[in-house]
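A.B. asks: Provided below are the primary sequence and the corresponding predicted coordinates.
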Amino acid sequence: MRWLALLLLFLSVGLYYLPEYLGPSGGIAKIASGSLPRVVSLKSPAPEASPDEVVPSQETPVLSCVRLGWIETAERTRELINSQPLASEAGFAVEEVGRELPPLHWVLIPPQPRAVALRQFQDIQRQGIDSYLVTEGENRNAISLGLFEHRESAISVLEEKKRQNLNAVLVNFPRNQISYALTFEAEPDLAEELVQAVKADYGSNFDFVEIRPCEGVATPEKNP
């Protein structure tokens, strides 16, 4: 009978601990391996940009291109550059331009055979009339009686020479001139400051002062 009592005791203990060993699902509980991820290691995905969202771009400064003229010589232009403390920051340069100027008004006796022109020239000189013999060009062997900037002055002299029985005529005398301009580029505020400094150093009025946005400089696009 003793062994029967022991058997019943073991059965009672087994029935008592068996539910905990099997777990809630009725199976044998398994011990999970590994470790839970740390909170700091969890990264949320980056939000996608909305199609309508505009990413701001870095603005490129808009430069002003400046041109001042006319200056009589290249040397005078370089003197103006050297007198500017900020010249190296603005990239000063000298621009040389061949300009066609308004023609002068030329009173002359038309070309003749050289011997005839020479005799008439000597006769005019004896009368004390200011003149010179043209020795080259398309008006070679003509006798010049004066070059005038204003047409009214030329016409006045022409009428006087005709009263002196000289067969004078009035023609245009074409002329060109090499002139110089000072150019540079800088940010607008600096450009204005340099223009005023150059004008003060030049001591006279320029024929023109051009200040405009430089071509080819990228500017930020405006949103529609």
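C.D. replies: Thanks, I have the structure now. Numbers count the residues shown, from 1 in each chain.
A.B. asks: hang on, isn't Phe174 packed against Pro103?
C.D. replies: If you look again at residue 174, you'll see it is Pro, not Phe. Yes: assessed by Cβ atoms under 8 Å, Pro174 is found in contact with Pro103 at 5.1 Å. (Glycine included, C-beta is placed from N, CA and C.)
A.B. asks: Run through the helices of the protein in chain order.
C.D. replies: 2-22, 74-82, 87-90, 114-126, 151-163, 188-202 (DSSP state H).
A.B. asks: Which one of these lies nearest to Ser179?
C.D. replies: helix 74-82 (9.8 Å; Cβ to Cβ).
A.B. asks: Quick one: residues contacting Arg99.
C.D. replies: 70, 176-179 (Cβ atoms under 8 Å, 6 or more residues apart in numbering).
A.B. asks: picking that back up, any idea which of the helices of the chain has the lowest pLDDT on average?
C.D. replies: Among these, helix 2-22 has the lowest mean pLDDT, at a mean of 56.
A.B. asks: out of the helices of the chain, nearest to Ile211?
C.D. replies: helix 188-202 (6.1 Å).
A.B. asks: Please identify the buried residues of the closest one?
C.D. replies: 190-191, 194-195, 197-198, 202 (16 or more other Cβ atoms under 10 Å).
A.B. asks: Pick the one among those residues closest to Gly98.
C.D. replies: Nearest member of those to Gly98, counting by Cβ to Cβ, is Tyr202, at 21.7 Å.
A.B. asks: Against Leu182, how distant is the closest one?
C.D. replies: 9 Å (Cβ to Cβ, to the nearest Å).
A.B. asks: Which neighbours do the two have in common?
C.D. replies: Joint contacts of Tyr202 and Leu182 (Cβ under 8 Å, 6+ apart) are 71, 80.
A.B. asks: re earlier: in JSON lines: the helices of the chain, plus distance to Gly98.
C.D. replies: Shown next, in JSON lines, are these (distance: least, Cβ to Cβ, whole Å):
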{"stretch": "helix 2-22", "distance to Gly98": "108"}
{"stretch": "helix 74-82", "distance to Gly98": "13"}
{"stretch": "helix 87-90", "distance to Gly98": "26"}
{"stretch": "helix 114-126", "distance to Gly98": "32"}
{"stretch": "helix 151-163", "distance to Gly98": "25"}
{"stretch": "helix 188-202", "distance to Gly98": "22"}
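A.B. asks: Quick one: closest of those helices to Arg140.
C.D. replies: Within the helices of the chain, the stretch nearest Arg140 is helix 114-126; the backing value is 8.3 Å (Cβ to Cβ).
A.B. asks: State the number of residues packed around Ala90.
C.D. replies: Neighbours of Ala90 under the rule other Cβ atoms under 10 Å: 21.
A.B. asks: list the contacts for it?
C.D. replies: Counting by Cβ under 8 Å, 6+ apart, Ala90 makes contact with 84, 184-186, 190-191, 194.
A.B. asks: Among those, which pair sits farthest apart?
C.D. replies: Gln84 and Glu185 (13.8 Å).
A.B. asks: Contacts for stretch 109-126 next, please.
C.D. replies: With Cβ under 8 Å, 6+ apart, stretch 109-126 has contacts from 131, 133-134, 139-143, 145, 166-169.
A.B. asks: Perfect, that will be all.
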